[in-house]
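J.: need the 3D shape of this:
(2 chains)
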Number of protein chains: 2
Amino acid sequence: MDRAEGQLSPETNEVLADLKAAWPVMSPDERVDALKLLPEDEAEEFFLALTPREQSQLLVILPTLTRRAWLRLLPLDDAADVIQHAPREERDSLLKLLDEVSLREVRALLAYAEDEAGGLMNPRFARLRPEMTVDEAILYLRRQAQQKDRPIYYCYVLDTEQKLKGVLSFRQLLTAPAAKRIEEVMISDVVTVAEDLDQEKIAPLFSAKNLVALPVLDAAGRMKGVVSAEDMVDVVQEEATEDIQKMAGVAALEAPYLQVSILEMVRKRAGWLAILFLGGTLTASAIDRFDEQLSKWKILMAFIPLIISSGGNSGSQSATLVIRALALGELRLVDWWRVFRRELVGSLVLGLFLAAIGMLRVLIWQWAFDDYGEHFMRLTLTVAFSVLGVVVFGSLVGSLLPFALRMLKLDPATACTPFVATFCDVTGLVIYFAVCAWIYIPFVPVGG
Amino acid sequence: MDRAEGQLSPETNEVLADLKAAWPVMSPDERVDALKLLPEDEAEEFFLALTPREQSQLLVILPTLTRRAWLRLLPLDDAADVIQHAPREERDSLLKLLDEVSLREVRALLAYAEDEAGGLMNPRFARLRPEMTVDEAILYLRRQAQQKDRPIYYCYVLDTEQKLKGVLSFRQLLTAPAAKRIEEVMISDVVTVAEDLDQEKIAPLFSAKNLVALPVLDAAGRMKGVVSAEDMVDVVQEEATEDIQKMAGVAALEAPYLQVSILEMVRKRAGWLAILFLGGTLTASAIDRFDEQLSKWKILMAFIPLIISSGGNSGSQSATLVIRALALGELRLVDWWRVFRRELVGSLVLGLFLAAIGMLRVLIWQWAFDDYGEHFMRLTLTVAFSVLGVVVFGSLVGSLLPFALRMLKLDPATACTPFVATFCDVTGLVIYFAVCAWIYIPFVPVGG
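T.: Down below sits the predicted model:
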């Protein structure tokens, strides 16, 4: 049965949605039992809607007959994914469930990395010869047996060496004059991708050109398969999730939140937390260093967290904006200078705005509680200049760090925002102490 | 010319990619001049690959003839997008460039919000009647003129009231027995979406069911158009970008980074920065309140930023993981209790790990510099218990806040991670002071 075409009514969908929601917390036995309660075609539909990981977990505990039938329901690229997710010792027995032709094709797919074009593509597609007429081509396609596979929108025109000569949609084929030769009506200018292209680079092609399907070629120009837009929906989601997790200082999870074991989750989070913590100890050292002086003006200590977190927050904002723009291809390396100028102007405005709020805060407290003694105007200015300084510095660091990482061939998303925030904490302290030493300390008697 | 099918060779692509990269910094006149240098078909291709916003900016400055020709190149749903992006006073003159039928269809599309199913769909699709035979259907489709529109993969079977009866791919149509009636070979169990469904809810349908295209129905069940997978690639990217920006405390940008004016950018960032700054002043108040005591033990002050930022960092991690899992539908509201338990266990482990690092830090400094005097063991324990406390508290707050927002019908992504971090700063101070008052202050003479 064709996966995209055997679609369910909205009502059935709801029942299955409930089962799917409960799925992660069910034991293997409960899962098999629940599926036995469903009519056969709904159980199949349910299986097809699971993620490759879930399909894999289920397949290995099903009775052999169902296992074989269901594995064969899958388009070959999905079957390859499922086998890739199975424990190593189960893979061979799963492969043996396939018929001979599929086995060979799935083996070929398994040789690709999961995140390159070859690992995403479907190796089955409609082939035509350039010298056929339109009528012959339609007859030829009609004679071919209906395949249990995804619908395909294009016919690919290959020469005898499997090299791609052109492309033709089914619709164009149907509407072309019957007697013309395929090579006369096909489009020969085709966007293609190499089989080892990273999936991150494929999504922008779909998006910029509104593509439906992209042919995948090997180094010799032979066509190996087709990547289609509906595969890219998942890829784009996955890549965005990975970036989001990295930006929060979590190593990318390999499964949905509830399916990652707690221990695994701790491991994914501990790395950055430890690094950030060690970075944070630098603030303790910095304060230690200055506190001989600062502790004599204890009011200055009270403003430390406020001021350094302002730098961290604006740095996180800039870093996030730039990381995402780099990921979407809106910014390239050469744009760093334009970004620098934009952030400089923007953060000056933001810094002045926050400095004004900070001044108001001190003045209102002074007026209401007389908290800050006779030198409150110096305190006001100290807070204002420090906030301005850390916001500008934070924004510049946050926006340039992702460029630096990209230049070092690292993923800009590793400039996780907590790292930027911690970095800005430490440097923010230095800025604050410098401003104190400039405006406040020399002029205010100890304890003021 | 068909957008997805008139594809360019990789070399031409590169030239155009350079032009596209320079595009945002070019003046309107430079853009028109650059396009004049390209051969006509390449200029058209280039235009088609621009975003709707860029197409709109370009169209309004082109000579009328080109403007009319290029607007008519666009599939109707894209034409509607372009007109929506044009300044209000230009919209009517753009609409007048369309032929009468298209004008009516585009007007209908403009009535939908941009981010609902109706605003995404293409109103043109291949229609068949249930009582046609397969042969008649193929002939019927072949007789229809080739439309300047996106390729369509399915034929939709409608009754006389335009109600959707079933669906059939071109491939299935070609391979079905010639004499069968369409209603005998069509699939009648179709997943559909309502015309006012939010685009965020459509993407998971494509992803879970590997769909290629989804028919859009009005409230009376009449078919209005088709949303296809290649539209979803953009939607998914946009939604992810919006979430990422919100999570960093930036109101979602409406254009690529370099195309947002600096003033607009400042406005998008100032709101959260001001709120966070005001929240941060609470830390100053909290420290003010406790510092009568704390300033007597100045070493305790030095650890404030380290400890509170540990809470903020782990809180940001948890918030990010939960926000993304909610957005992807991996978590639902009822899962909050399971998340709570997971985060409790996980954060205890993480907290103990960081507490151990913190203890080591104090002990090593003590050993190397004898910084902390004879009561260093009390300081060690104070740091350890505080870190454990803030990490657990931060993780729980960070993971539950997105649920609370969703319960209040707000977007969980508004639980921006800097907000969680600032919240954890303030509460972290309270935890720290409590631990100090418990383990350190009563036992250590002033100044220790």
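
J.: so how far is residue B:202 from residue A:346?
T.: The spacing between residue A:346 and residue B:202, counted by CB to CB, to the nearest Å, is 35 Å. Backbone N, C-alpha and C define where each C-beta goes, glycine included.

J.: surely residue A:331 and residue A:321 touch.
T.: No - using CB atoms under 8 Å, residue A:331 is not in contact with residue A:321; the gap is 9.4 Å.

J.: neighbour-wise, which of residue A:346 and residue B:202 wins?
T.: residue A:346 (27 against 23; other CB atoms under 10 Å in any protein chain shown).

J.: I figured that one hits residue B:268, correct?
T.: No - using CB under 8 Å, residue A:346 is not in contact with residue B:268; the gap is 9.9 Å.

J.: overlap in contacts, those two.
T.: When contacts are counted by CB atoms under 8 Å, 6 or more residues apart in numbering or on different chains, residue A:346 and residue B:268 are jointly contacted by no residue.

J.: number of residues surrounding the residue nearest to residue A:268 when sequence neighbours are not counted?
T.: Leaving aside its sequence neighbours, residue A:268 sits nearest to residue A:251 (CB to CB, 6 or more residues apart in numbering or on different chains; 4.3 Å). Residues within reach of residue A:251, counting by other CB under 10 Å, total 16.

J.: joint contacts of residue A:331 and residue A:321?
T.: What both residue A:331 and residue A:321 touch, as defined by CB under 8 Å, 6+ apart, is the set residue B:257.

J.: quick one: low-confidence ranges for the stretch 101-250 of chain A?
T.: Scanning the stretch 101-250 of chain A for pLDDT under 70 picks out A:144-152, A:207-210.

J.: how about the helices of it, start to end?
T.: Listed in chain order, the helices found in the stretch 101-250 of chain A under DSSP state H, counting those that start in this stretch are A:117-120, A:134-143, A:170-175, A:182-185, A:199-209, A:229-247.

J.: could those go into TSV alongside distance to chain B?
T.: Formatted as TSV, the helices of the stretch 101-250 of chain A follow (distance: least, CB to the nearest CB, whole Å):
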stretch	distance to chain B
helix A:117-120	13
helix A:134-143	5
helix A:170-175	4
helix A:182-185	10
helix A:199-209	5
helix A:229-247	4
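
J.: which other helices and strands does the helix or strand encompassing residue A:45 contact?
T.: Using DSSP states H and E, residue A:45 falls within helix A:40-49. Secondary-structure packing of helix A:40-49 (3 or more CB pairs under 8 Å, 6 or more residues apart in numbering or on different chains; DSSP states H and E): helix A:10-22, helix A:28-37, helix A:64-73, helix B:199-209.

J.: how about stretch A:94-106: buried residues?
T.: A:94, A:95, A:97, A:98, A:102, A:105, A:106 (16 or more other CB atoms under 10 Å in any protein chain shown).

J.: just the C-alpha atoms of it, please, in PDB.
T.: C-alpha atoms of stretch A:94-106 as PDB (Å, rounded to 0.1, in the frame of the first residue of the first chain):
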ATOM      1  CA  LEU A  94      15.800  -7.800   9.400                       C
ATOM      2  CA  LEU A  95      17.700  -7.500   6.100                       C
ATOM      3  CA  LYS A  96      16.800 -11.200   5.400                       C
ATOM      4  CA  LEU A  97      13.100 -10.300   5.400                       C
ATOM      5  CA  LEU A  98      13.500  -8.300   2.300                       C
ATOM      6  CA  ASP A  99      13.100  -9.700  -1.200                       C
ATOM      7  CA  GLU A 100      16.300 -10.000  -3.200                       C
ATOM      8  CA  VAL A 101      16.100  -6.800  -5.300                       C
ATOM      9  CA  SER A 102      15.100  -4.600  -2.200                       C
ATOM     10  CA  LEU A 103      17.900  -6.300  -0.200                       C
ATOM     11  CA  ARG A 104      20.500  -5.100  -2.700                       C
ATOM     12  CA  GLU A 105      19.100  -1.600  -2.800                       C
ATOM     13  CA  VAL A 106      18.800  -1.300   1.000                       C
END
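
J.: count of neighbours near residue A:21?
T.: Using other CB under 10 Å: residue A:21 sits among 15 other residues.

J.: show me where chain A has its strands.
T.: A:126-128, A:154-158, A:164-169, A:193-194, A:213-217, A:223-228 (DSSP state E).

J.: now render those strands as CSV, adding distance to residue B:302.
T.: Converted to CSV, the strands of chain A look like this (distance: least, CB to CB, whole Å):
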stretch, distance to residue B:302
strand A:126-128, 71
strand A:154-158, 66
strand A:164-169, 67
strand A:193-194, 55
strand A:213-217, 57
strand A:223-228, 56
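
J.: a markdown table for those strands, including distance to residue B:233 and mean neighbour count?
T.: As requested, those are exported to a markdown table (distance: least, CB to CB, whole Å; neighbours: other CB atoms under 10 Å in any protein chain shown):
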| stretch | distance to residue B:233 | mean neighbour count |
| --- | --- | --- |
| strand A:126-128 | 23 | 20 |
| strand A:154-158 | 17 | 24 |
| strand A:164-169 | 19 | 20 |
| strand A:193-194 | 15 | 19 |
| strand A:213-217 | 12 | 25 |
| strand A:223-228 | 11 | 25 |
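
J.: and residue B:118, which of the ones you listed is closest to it?
T.: strand A:223-228 (24.7 Å; CB to CB).

J.: tell me the helices and strands packed up against that closest one.
T.: Right, strand A:223-228 is packed against helix A:117-120, strand A:154-158, strand A:213-217 by 3+ CB pairs under 8 Å, 6+ apart.

J.: what's the first one packed up against?
T.: In other words, helix A:117-120. helix A:199-209, strand A:213-217, strand A:223-228.

J.: which residues touch stretch A:259-276?
T.: A:24, A:53, A:245, A:249-254, A:416, A:418-419, A:422, B:309-310, B:313-314, B:317, B:342, B:345-346, B:349-350, B:353-354, B:357, B:391.

J.: what about the stretch 301-448 of chain A, any weak spots by pLDDT?
T.: A:370-371, A:415, A:447-448.

J.: could you pull out the helices for it?
T.: Using DSSP H, counting those that start in this stretch, helices in the stretch 301-448 of chain A cover A:304-327, A:336-369, A:376-407, A:417-435.

J.: mind giving me the packing neighbours of the shortest one?
T.: Which is helix A:417-435. helix A:262-294, helix A:304-327, helix A:376-407, helix B:304-327, helix B:417-435.

J.: switch to 7 Å and redo it
T.: With contacts defined as 3 or more CB pairs under 7 Å, 6 or more residues apart in numbering or on different chains; DSSP states H and E, the packing partners of helix A:417-435 are helix A:262-294, helix A:304-327, helix A:376-407, helix B:304-327.

J.: kindly provide the distance from residue A:305 to chain B.
T.: 4 Å (CB to the nearest CB, to the nearest Å).

J.: so who does that residue touch?
T.: The contact partners of residue A:305, taken as CB atoms under 7 Å, 6 or more residues apart in numbering or on different chains, are B:280, B:283, B:304, B:305, B:308, B:425.
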